[in-house]
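Novice: please find the sequence and the predicted model below.
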Amino acid sequence: MKSKTIQILQEYFGYSEFKRGQESIIDEILSGNDVVGIMPTGAGKSLCFQIPALVLEGTAIVISPLISLMKDQVDTLNEMGIKAAFINSSLNTQEFRSITAKAQQGDYKLLYIAPERLETESFWGLLSQLDISLIAVDEAHCISEWGHDFRPSYTKIAEMIARLPKRPVVAALTATATIQVKQDIIRLLKLKKPYVQITGFDRENLYFSVEKPRKKFDFLLKYIKKNITNTGIVYCSTRKTVESVCKQLNENGISATRYHAGLTDEERIANQEAFIFDKAQVIVATNAFGMGIDKSNTRYVVHYNMPKTMENYYQEAGRSGRDGERAECILLFSAADIITNKLLIENSGNNVDRTNEYKKLQEMVDYCNTDSCLRKYILSYFGEDDSPNECGNCGSCNGNVESTDITTEAQKILSCIKRTNERFGSGIITDVLKGSGTEKLRTLGFDKLTTFGIMKEYSKETIKEIIAYLIAENFIDVKGDKYPILALNLKAYGLLKGETELCIKRVIIKETPKAKKSEHKVSNDLFEKLRGLRRVIAEEHRVPPFIIFSDTTLKDMCAKLPLTGDNMLEVSGVGKFKLEKYGDRFIELIKEYAGNSI
């Protein structure tokens with residue numbers, strides 16, 4: 001059986017060996033055992049069910065949460081000569097009938113469905129008529145309320161499995177899952193003594209950093225211009241911020257598009273495709289964008305605002321560097337982000353576990369303030385406590401960190417909050433401490449307070465940063481339904497009395513570390529020519545460029561300069577089907593380049 005799976009891997013997918021964890025998961029599925037696979041983005045989770053689907057008799061049902069994810073995977077499989085289709089709300093009546101008829105005839109090796117289909121009784125008739133080889137639950141963390149992206153329809157999967165005439169093997173796969181989420185996956189899917197494979201959460205090719213710029217947009221614009229040949233995602237916490245950032249980028253000559261739930265379906269799809277097809281350099285989006293987007297050559301993800309949880313952050317940051325090449329994950333941290341997130345928690349529905357939400361937010365804030373290795377912090381959060389103390393590939397490991405004693409400054413701030421009767425937000429408190437001569441402060445009589453102007457030598461940004469840090473460290477409570485009001489607690493009074501000292505960590509950034517050298521010397525000129533050809537072929541076939549060949553495959557062509565079909569099969573990511581379909585055109589271009597280079 002092993003030789004069969006290797007043969008499929010080479011012939012269809014163009015790889016000579018499996019990545020870590022893939023082969024053992026595939027072997028367990030083919031042996032008839034349920035599996036749980038927790039593998040980082042880019043580790044090749046899809047192959048873990050796609051190869052068994054090709055080996056086994058019948059059709060594999062793949063439950064996938066997003067239309068874009070299904071379309072990309074089905075397009076990729078069809079480009080490889082593998083018969084696959086999807087059923088979701090994007091199909092018209094004629095398309096739906098055609099696909100279901102072919103599915104009943106056993107024409108497909110893989111059939112992707114949206115979990116919401118399981119809530120319609122009419123869909124059960126189709127499932128009962130199929131010869132189902134296995135059920136793959138992609139993005140399996142969606143079944144747990146303790147994770148992120150919870151989808152109620154995922155809870156119907158176990159019922160579906162129980163109603164089938166014959167129970168197939170079930171494979172649950174995800175990139176991020178804490179111990180609690182992993183247990184939920186096993187329990188809620190009712191898996192039978194599953195084989196659990198956790199290959200680790202580390203993405204070695206990703207560079208993590210936390211920046212605290214005074215002017216976020218200026219930092220962002222400078223960064224994007226520095227990386228002008230690369231594509232990236234900018235995540236914002238609100239639709240309003242998305243609109244503002246996207247507009248400013250376009251006004252500064254950057255090809256940017258936007259994505260959030262306030263747009264029409266047509267515009268969201270058009271903007272998403274503009275990014276996927278490399279027609280827009282940057283997509284500015286809320287967290288509504290990205291799940292299941294298989295764009296392998298995204299070189300950076302910038303979080304313009306801090307997410308509420310580490311699960312959300314790592315999932316979104318992990319959308320960069322899916323091809324294994326170096327990519328950057330930058331979080332722009334500011335005081336306002338903490339206050340905004342605390343207000344969002346307070347104003348959320350009654351069914352929300354606020355204690356858990358605050359705990360997750362605090363862990364996110366701690367990440368932004370830590371002076372330790374950022375990668376270790378992330379891995380420890382997901383239960384990998386044995387990771388090295390330094391990774392050498394993050395902002396903390398490549399910077400010098402010093403702690404500044406801010407006990408006196410904190411006492412001044414707390415005293416000011418107390419003297420204004422704990423009735424105002426950080427804006428008014430900052431103005432009083434700064435000694436701003438505004439009409440409002442004079443009307444309130446705050447210009448007569450002993451704390452008025454007591455921190456006039458500090459910038460407003462610095463004062464607000466310390467206030468945010470005090471909120472994060474639970475010295476200050478945030479109250480109020482509409483406007484955030486600062487109030488003291490018992491911990492604050494302890495600091496006021498001098499019972500404790502307080503330090504804040506500041507990072508002194510070193511020069512940006514140079515990217516690790518590739519194993520092979522790659523010609524940028526040839527690489528751009530190959531990208532151009534790929535773009536032309538992609539437009540001809542109406543698929544995203546990365547579905548033709550990934551950037552990693554093009555770079556391997558540059559390194560190996562294949563001049564024959566046999567040579568081309570030695571390139572990573574080139575299988576027989578794609579060789580027959582596109583090989584001649586790429587070989588012709590490489591021959592022309594090689595001839596001109598002699």
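Specialist: Good, I have the coordinates.
Novice: could you use CA atoms for every contact and neighbour count after this?
Specialist: OK.
Novice: walk me through the domains of this protein.
Specialist: Domain assignment of the chain by automatic domain parsing yields the ranges 2-198, 206-333+370-395, 404-509, 524-597.
Novice: okay, those domains in TSV with mean neighbour count and mean pLDDT next?
Specialist: What follows is those, written out as TSV (neighbours: other CA atoms under 10 Å; pLDDT from 0 to 100):
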stretch	mean neighbour count	mean pLDDT
domain 2-198	19	90
domain 206-333+370-395	19	92
domain 404-509	17	87
domain 524-597	18	89
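Novice: figure out which of those domains is closest to Lys342.
Specialist: domain 404-509 (7.3 Å; CA to CA).
Novice: so Tyr112 belongs to a helix, correct?
Specialist: No. Secondary structure of Tyr112 (DSSP: H, G, I helix; E, B strand; the rest coil): strand, not part of a helix.
Novice: which residues touch it?
Specialist: Ile61, Val62, Ile63, Ser64, Met70, Val74, Ala84, Ala85, Phe86, Ile87 (CA atoms under 8 Å, 6 or more residues apart in numbering).
Novice: returning to that earlier point: can you add distance to Glu346 and give the domains of the chain back as JSON lines?
Specialist: Output for those, formatted as JSON lines (distance: least, CA to CA, whole Å):
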{"stretch": "domain 2-198", "distance to Glu346": "18"}
{"stretch": "domain 206-333+370-395", "distance to Glu346": "13"}
{"stretch": "domain 404-509", "distance to Glu346": "7"}
{"stretch": "domain 524-597", "distance to Glu346": "42"}
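Novice: find the nearest non-adjacent residue to Tyr195, please.
Specialist: Val35 (4.6 Å; CA to CA, 6 or more residues apart in numbering).
Novice: distance of Gly435 from Leu444?
Specialist: Per CA to CA, to the nearest Å, Gly435 is found 13 Å from Leu444.
Novice: no no, Pro115
Specialist: With distances taken as CA to CA, Pro115 is found 57 Å from Leu444.
Novice: what's the closest of the contacts of Tyr112 to Thr264?
Specialist: Met70 (20.4 Å).
Novice: which SSE is the closest one in?
Specialist: Assigned by DSSP states H and E, Met70 belongs to helix 67-79.
Novice: and that helix, what does it pack onto?
Specialist: strand 84-87, strand 110-113, helix 545-548 (3 or more CA pairs under 8 Å, 6 or more residues apart in numbering; DSSP states H and E).
Novice: now do the strands in the stretch 151-300 of the chain.
Specialist: For the stretch 151-300 of the chain, the strands defined by DSSP state E, counting those that start in this stretch occupy 169-174, 195-198, 206-211, 231-235, 256-259, 282-285, 298-303.
Novice: which residues touch Asp34?
Specialist: Glu28, Val169, Val170, Ala171, Leu191, Lys192, Lys193, Pro194, Tyr195.
Novice: now for these: which two are most distant?
Specialist: Checking the contacts of Asp34 with CA to CA, the most distant pair is Glu28 and Leu191, at 13.6 Å.
Novice: now do the shared contacts for those two.
Specialist: Common neighbours of Glu28 and Leu191, using CA under 8 Å, 6+ apart, are Asp34, Val35.
Novice: Leu126 is in contact with Gln105, isn't it?
Specialist: No. Under the criterion of CA atoms under 8 Å, Leu126 is not in contact with Gln105, lying 11.1 Å apart.
Novice: between these two, which contacts overlap?
Specialist: Joint contacts of Leu126 and Gln105 (CA under 8 Å, 6+ apart) do not exist.
Novice: what helix or strand is Glu316 on?
Specialist: Going by DSSP H and E, Glu316 is part of helix 310-317.
Novice: partners of the following helix or strand past that helix in the sheet?
Specialist: Using DSSP H and E, the helix or strand that follows helix 310-317 towards the C-terminus is strand 327-332. Partner strands and pairing direction for strand 327-332 (DSSP bridges) are strand 206-211 (parallel), strand 298-303 (parallel).
Novice: could you dump the strands of the stretch 151-300 of the chain to a markdown table with distance to Asp371?
Specialist: Formatted as a markdown table, the strands of the stretch 151-300 of the chain follow (distance: least, CA to CA, whole Å):
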| stretch | distance to Asp371 |
| --- | --- |
| strand 169-174 | 30 |
| strand 195-198 | 28 |
| strand 206-211 | 10 |
| strand 231-235 | 24 |
| strand 256-259 | 33 |
| strand 282-285 | 29 |
| strand 298-303 | 19 |
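Novice: can you name the farthest residue from the center of this structure?
Specialist: The outermost residue of the chain relative to its centre, with distances by CA atoms, centre = their mean, is Lys448 at 50.0 Å.
Novice: and that residue, how close does it get to Ile467?
Specialist: Taking CA to CA as the measure, Lys448 falls 22 Å from Ile467.
Novice: can you check Thr564 too?
Specialist: Taken as CA to CA, the span from Thr564 to Ile467 is 65 Å.
Novice: secondary structure element for Arg20?
Specialist: Under the assignment here (DSSP H and E), Arg20 is part of no helix and no strand.
Novice: for the residue nearest to it when sequence neighbours are not counted, give me its contacts.
Specialist: The shortest distance from Arg20 to any non-neighbouring residue, by CA to CA, 6+ apart, is to Thr199 (6.9 Å). Applying CA under 8 Å, 6+ apart to Thr199 gives the contacts Arg20, Gly21, Ile38, Met39, Pro40.
Novice: could I get those residues as JSON lines with distance to Ala53?
Specialist: Output for these, formatted as JSON lines (distance: CA to CA, whole Å):
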{"residue": "Arg20", "distance to Ala53": "20"}
{"residue": "Gly21", "distance to Ala53": "17"}
{"residue": "Ile38", "distance to Ala53": "19"}
{"residue": "Met39", "distance to Ala53": "19"}
{"residue": "Pro40", "distance to Ala53": "22"}
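Novice: ok, those residues vs Gly583, which is closest?
Specialist: Nearest member of the contacts of Thr199 to Gly583, counting by CA to CA, is Arg20, at 28.5 Å.
Novice: surely Thr407 is in contact with Ile504?
Specialist: No. Here Thr407 does not reach Ile504: they are 9.3 Å apart, not a contact under CA under 8 Å.
Novice: so what's Lys308 closest to, chain neighbours aside?
Specialist: Leu361 (5.1 Å).
Novice: tell me if I am right that that neighbour is in a strand.
Specialist: No. Under three-state DSSP, Leu361 falls outside any strand and is assigned helix.
Novice: stretch 17-31: end-to-end distance?
Specialist: 20 Å.
Novice: neighbouring contacts of it?
Specialist: Stretch 17-31 has contacts (CA under 8 Å, 6+ apart) with 2, 6, 9, 34-35, 37, 43-45, 47-49, 51-52, 56, 169-171, 195, 197-199.
Novice: so which of those sit within helices?
Specialist: The members of those that map onto helices under DSSP state H are Lys2, Ile6, Lys45, Leu47, Cys48, Phe49, Ile51, Pro52.
Novice: which parts of the stretch 401-550 of the chain are strands?
Specialist: Counting by DSSP E, counting those that start in this stretch, the stretch 401-550 of the chain has strands at residues 476-479, 485-488, 503-509.
Novice: nearest to Thr370, out of the helices and strands packed on helix 67-79?
Specialist: Using CA to CA, the nearest of these to Thr370 is helix 545-548, at 36.5 Å.
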